[in-house]
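Asker: sharing a model that was predicted from the sequence below.
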Amino acid sequence: MAKKQSKSDPKAQTLARIKRTEAYAERVRTLFAATVNEILALNRSLPKLGEGEMYSFDNETAKRQKEVERLLRQLHSVATMAIEKGIKLEWAQANAECDKLVQSCFGKAALSSPQFTAWTERNNAAMTAFINRSESGMNLSQRVWKSVRQLRDEMEVAITVSIGEGESAASMSRKVRQYLNDPDLMFRRFRFKDPDTGEWKRKWKKRVKDPATGKVRWIDYDKGSYQDEWTGPGYYKSSAQNAMRVARTETNIAYRRADQARWEQMDFVLGQRINLSRSHPKKDICDKLAGDYPKDFVFDGWHPQCFCYVTPILLDEDTMAEMQDIFLAGGDYKAALQRSANNRRIKDYPDNFKEWVRENEDNIAQSRGRGTEPYFIRNNAAAIDEILDPTPKTLTPLEIAAKRHESRTPEQEEEIRLRWKERQHRIEAEKAAAEAERQRVARINSTANNVLATVSKRGFDSLGISTADLEAAIKAGNATKIQTQTRTLALAMAAKQKLVKATAANVSKVAESWSEVDNSPIEAALASGDVAKINAATRAVAQSVLQMKKQEAALSATIPDVHTWHEQFTIAELQAVQKAVEDKMAAIASKPLHEQVAALNKEIQYVSDPTYLKPHKLYPTAKVAQDAYMQKLSEVKLKIEIADAQDAISILKTYVASHPKATTVANAVAEAESLIASGGDIQTIKAKIDYAQKRKEIQEKAAAKKAVKGSKIGEVTYSELSKKRQTELLDTFKTNTVEGVDDILRKQSESVWSDLIEEERYLLTKYTQTYSYLNEPLRNQYYCGGRPQSEYDNDMPKLTAALSRVRTQQDMVVRRGTSDYFIPEIGKNLSEVEAGDVFIDGAFLSTACHRDKGFGGSVNMIIFVPKGSQGIFAEPFTHYNGGYYDFNSNRIWDGKEKVSIGHEFEWIGQRGSRFKVIKKSGKNVYLMLIGQQFTQPKSKI
């Protein structure tokens, strides 16, 4: 069953579109208002105008002219972009509404179905063509530029009027904004009778304030160009309103064009209905032309800012339901749709439209001749012509002329006679213009010769001002080129003179900052008025200033704010300070940085305190020296901070090397190193390092939590090895080599090292250096060393967790030499144990993996370690292989590096070893490891 057709309210959509359109127009108005404010802000004082003189931006300084032109070009750019954005938004909104229409008829799936591609096409190429189209020979950018140019002229007229009324720049600005908002306040047309011809004519007057009476009066004012160029039918006197009109028109048309383009593609759309808006203020063409039209009728509105809205005429719901059933059944729904729509499609125009076209045939023809026909006439020209001439035939020129003559009204014939009379007047005017042109050419030539004479007289030829183009124009006799080249040359001289004088003034002002520089040559040259002399004097003084700056630059590495000090002291005095400071820095350069800090603090106090160390006299430049030493002190402190940062980076890089997935830390470290290499801000460097350290800490905590979670904490037991296996292991233990054992066990340590977290690696390294603080408490012995209880509380469980995850991969034999000790658990000394005795050593187990390694003692414990026991081969990371690895300096094995083999050749077993005595032979006690993580029994004594 077909979905119900869209219930969206077209009137509400129209009101929403009008609201959006007004928002686009308001945006354009805001841009124009902002530009007016920026241009008015350039006038810090009230301009002066002579009687009858018109204000013009062209008479302002070159700098202000450029700024005004920049602001106007900027307005043109942003206003054009704002309108284009509005067009694209409306095009998209219309497409969205059409998507809803398709969805309401065929379901949501139709929007993504390839079969409906023709109905969902966005027509972006048509949108681009619409934006780039020309109207009356102008594209969108040119139409906006016309309003911008109008704004420029408006402002010149408004400023001219305001100068006659304002008393300050601020009041002038208020008046100008008032006039621009309501241009009719500036001008008024008066009807008068020409005393020569007796004809009634109109002329413009402007309103001014009479300074004598304080009242407003009207005076004659030439406003022809303002009226003729910018205003007329369909245009406002306000540039902003004209630009807003463009915005409204373009965005409205864009919405309607997008609608019409989509409807033409939809087979189920039979036509379009043009409806009268509820906001329609009065009866006009909208009432006459409302009705049902073919869907290829392009409707942009009956008139500017038309509120009429268009709705598609669709097939009825029963037909649409039938089409959807065919579609769901896999049939050819498009062919069925074409058959259903062909007989119902609206192909003819409504009678009221055709009647209106025929009644207005002459008006249509005239508007076409002027190029001012309405959009609906221009966009549907073929349909209009078909209505006017259903059976077109080719007429002869005479027939065309006769038909045209017959159609003329008495008023049109009178208009032709008036044009003939105007032609006669024009011929007479052309004769007068020819004489005026002759006089104008003479004036142009005279001015050109005067300008040429000034070039050499005032020394401009020595400054690169060329007269070749003007001389060539005079030789060719082309008045236009002569005038252009004269103006160009005069402007070039004026610009060059202005530049030379401005440069001279700037250099002279700068030279005043240096007492050693004499700027009197510039003053003398300015008095002469010779630009060549001014330029030469300016260059000479500038060279002197440059030398001073170079000497100051050489001092600035030692003396901060050297120019300020130069205002009080000579270069020689400052150079003496520099030498003293640099000599002191050379004397302490070889000292450690912290000693350099102490030495500099001493010097700072010495040059500022005449009683420090010994009574001494302070030099006039003592404050300069103090600032210089303080600057050097800051540099040394910065070096210390950088060294500290590099140390921190070194530690972090070690972490990154063993944690390739720690990319966040690695990136922060790389950024910190890059900043150090490029001389970046130390605070930023510290922030990067701090961030890396915090990320490292977070990752370590997470890894520790994960590691602890995977640890096996609690008593574990192992089965005894068979007698045969014990014999095999002892035979191997008696014959194996250190290198052979190292090859096997080192690989096992390498394979598990990366699974340990950084703190666990650190603790294992630490255990190889110091272990009494752990083992003595674990054996219920009193620990009297220097490590606090908190260190035991932290390290013991973490070391236990680490070893619980490391297991031996084969049965093996280790040895441990020790002095004899009493075992309370069995009431015997170690040297007195017998086969079958079982006892616990609560400490971590330190053993040697080779018969010739490890420590000696009165008792030699030979221990069978079954496969799967908790422990790790420590030789790769032990401190006792030359002290290469050291927990104090945080130098930890990287899991790959190999150094020389040491004496201990240690295997570290899990704490709480439970042993069973196998046998005893001399000083050798053979033990089987049958459990780990057992607690040392309390002594009963």
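Answerer: Looks like it arrived, so ask away.

Asker: so for the host helix or strand of residue 689, mean pLDDT?
Answerer: Residue 689 belongs to helix 682-710 when elements are defined using DSSP states H and E. The average pLDDT within helix 682-710 is 80.

Asker: buried set for it?
Answerer: By neighbour count on 16 or more other CB atoms under 10 Å, the buried set for helix 682-710 is 682, 685-686, 688-689, 691-693, 695-696, 699-700, 703-704, 707-708. Where you see a C-beta, it was placed from the backbone N, CA and C, and this is true even at glycine.

Asker: same check on stretch 884-895?
Answerer: 885, 887, 892, 893, 895.

Asker: phi, psi of the third one?
Answerer: By that I understand residue 892. phi -120, psi 150 (degrees, to the nearest 10).

Asker: that one contacts residue 768, correct?
Answerer: No. Taking contacts as CB atoms under 8 Å, residue 892 lies outside contact range of residue 768: 11.1 Å.

Asker: shared neighbours, the two?
Answerer: By CB atoms under 8 Å, 6 or more residues apart in numbering, residue 892 and residue 768 have these common neighbours: 877, 885.

Asker: still on that earlier bit, nearest to residue 274, of the buried residues of helix 682-710?
Answerer: residue 691 (65.2 Å; CB to CB).

Asker: quick one: residues contacting that closest one.
Answerer: Contacts of residue 691 by CB under 8 Å, 6+ apart are residue 668.

Asker: which stretches of the stretch 201-350 of the chain form helices?
Answerer: When assigned using DSSP state H, counting those that start in this stretch, the helices of the stretch 201-350 of the chain occupy the ranges 224-230, 239-265, 285-289, 317-328, 333-342.

Asker: among those, which is nearest residue 424?
Answerer: Across those, closest to residue 424 is helix 224-230 (CB to CB), at 22.1 Å.

Asker: picking that back up, can you tell which of the helices of the stretch 201-350 of the chain is closest to residue 499?
Answerer: helix 224-230 (33.2 Å).

Asker: just give me the longest helix of the chain.
Answerer: Longest helix of the chain, by residue count under DSSP state H: helix 410-457.

Asker: the next helix or strand after that helix packs against which elements?
Answerer: Under the assignment DSSP H and E, the closest C-terminal helix or strand after helix 410-457 is helix 468-476. Helices and strands touching helix 468-476, by 3 or more CB pairs under 8 Å, 6 or more residues apart in numbering; DSSP states H and E, are helix 410-457, helix 479-511.

Asker: by mean pLDDT, show me the worst of those.
Answerer: When I compare the helices and strands packed on helix 468-476, helix 410-457 is least confident, with a mean of 78.

Asker: angle of that helix against helix 479-511?
Answerer: Computed with axes from the mean of the first three to the mean of the last three CA atoms, to 10 degrees, the direction of helix 410-457 lies at 50 degrees from that of helix 479-511.

Asker: can you name every helix or strand that helix 410-457 contacts?
Answerer: By 3+ CB pairs under 8 Å, 6+ apart, helix 410-457 packs against helix 468-476, helix 479-511.

Asker: buried residues, the first one. List them.
Answerer: Put plainly, it is helix 468-476. Neighbour-count burial for helix 468-476 [16+ other CB under 10 Å]: 470, 473, 474.

Asker: pLDDT and distance to residue 418 added to those residues, as TSV?
Answerer: What follows is the buried residues of helix 468-476, written out as TSV (pLDDT from 0 to 100; distance: CB to CB, whole Å):
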residue	pLDDT	distance to residue 418
470	79	46
473	83	42
474	85	44
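
Asker: for the nearest residue to residue 599 once chain neighbours are set aside, which residues are in contact?
Answerer: Leaving out its chain neighbours, the residue that sits closest to residue 599 by CB to CB, 6 or more residues apart in numbering is residue 588, at 4.7 Å. By CB under 8 Å, 6+ apart, the contact set of residue 588 is 595, 596, 599, 600.

Asker: quick one: what helix or strand has the first one in it?
Answerer: Here residue 595 sits within helix 593-608, counting by DSSP H and E.
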